[in-house]
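In: Sequence plus the predicted model coming up.
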Amino acid sequence: MASRYDCTDPDGLLTGMRLARAALGRGELVVVPTDTVYGLAADAFSQAAVQRLLDAKGRTRQSPPPVLIPGPATLDALASEVPQQVRDLVDEFWPGGLTVILRAQPSLDWDLGETRGTVALRMPDSRIALELLQEVGPLAVSSANSTGDPAAMDVDAAERMLGDSVSVYLDGGVVTAHEGFAASTGSTIVDATGLSTGGGLTIVRHGVIPDDEIARVVGADLVA
C-alpha cells in the first residue's frame with residue numbers, strides 16, 4: 001500500500017524523503033512535486049524501474065521519460081555535447097521550466113526507451129525535488145497522471161490516477177499554475193540536437209517558458 005507524507009511539515013518531510021530514497025533504491029516509484037506539475041519518478045539507471053513508470057502511466061517505450069537532474073554540472077556527465085546556446089539557456093532558465101533534448105553519452109548504462117540516442121534533461125525549481133535529486137542522482141520523471149488525463153497539480157489528483165503503483169507520495173501542496181498558462185502546463189521542451197550539425201534549435205513543446213523568451217536568448221539559432 002502506498003504511503004503519503006506531508007512535506008510542508010518538517011517531520012513529514014524528513015520521513016518522506018528517507019522512505020522515498022529507499023523506495024527508489026528498490027526500483028519502485030515515487031510521486032514528487034516539481035515547479036510545473038507533480039512528477040512520477042523512477043531510478044533513471046534501472047530499466048525495470050523505468051518500465052514500471054511507463055506501465056503506471058499507460059505509455060509505451062516509444063514515449064521515453066525525461067530526466068531530472070540536480071544541477072547544470074550533470075549536463076556534461078549525461079550529454080555527449082552541450083552547445084553554447086544550451087549553456088546560455090540553462091544559465092537563464094535553470095532551475096525552472098525548461099527541458100533540453102541533447103545527444104546522450106553513449107557510455108551511459110541505462111534504458112529509458114526508444115530515445116534514438118538522445119536524452120531530455122531538466123533542473124526543476126523545487127526544493128523537495130532538488131533535495132531528492134541531490135541525494136539519489138538523476139531520476140526519470142514524467143507527469144504524475146494516466147496518459148490522456150491532465151497532469152496532477154496536487155498529490156490527491158496523482159493518487160487518484162496512480163494509486164498503489166506508487167510506493168511513496170511526497171505532498172508539497174498545490175503546484176501553482178504559471179502566470180498566463182493553464183494549470184497542468186508542463187515545461188517548455190527544446191530540441192538542441194541539430195545544433196551540433198549546423199542546424200538550429202527547435203521548440204517541440206510549448207510550455208511555461210514563452211517562445212519569445214527562448215528566442216531572446218538564442219536569437220537566430222531558433223528554428224521556427
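Out: The structure has been received and is ready for your questions.
In: The longest helix seen in the chain - contacts with which helices or strands?
Out: Of all segments of type helix in the chain, defined using DSSP state H, the longest is helix 10-25. Other helices and strands packing on helix 10-25, by 3 or more C-beta pairs under 8 Å, 6 or more residues apart in numbering; DSSP states H and E, are strand 3-6, strand 30-33, strand 38-43, helix 127-136, strand 168-171. All C-beta spots, glycine's among them, are computed from the backbone N, C-alpha and C.
In: buried ones in it?
Out: Neighbour counts over helix 10-25 (16 or more other C-beta atoms under 10 Å) mark Leu13, Thr15, Gly16, Met17, Leu19, Ala20, Ala23, Leu24 as buried.
In: got it, and stretch 121-136?
Out: 121-126, 128-133, 136.
In: Now tabulate the helices and strands packed on helix 10-25 in JSON lines and tack on distance to Ser146 and mean pLDDT.
Out: Below are those laid out as JSON lines (distance: least, C-beta to C-beta, whole Å; pLDDT from 0 to 100):
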{"stretch": "strand 3-6", "distance to Ser146": "18", "mean pLDDT": "96"}
{"stretch": "strand 30-33", "distance to Ser146": "13", "mean pLDDT": "98"}
{"stretch": "strand 38-43", "distance to Ser146": "10", "mean pLDDT": "97"}
{"stretch": "helix 127-136", "distance to Ser146": "21", "mean pLDDT": "97"}
{"stretch": "strand 168-171", "distance to Ser146": "15", "mean pLDDT": "98"}
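In: Make JSON lines from these and add distance to Gln84 to it.
Out: As requested, the helices and strands packed on helix 10-25 are exported to JSON lines (distance: least, C-beta to C-beta, whole Å):
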{"stretch": "strand 3-6", "distance to Gln84": "41"}
{"stretch": "strand 30-33", "distance to Gln84": "31"}
{"stretch": "strand 38-43", "distance to Gln84": "29"}
{"stretch": "helix 127-136", "distance to Gln84": "25"}
{"stretch": "strand 168-171", "distance to Gln84": "36"}
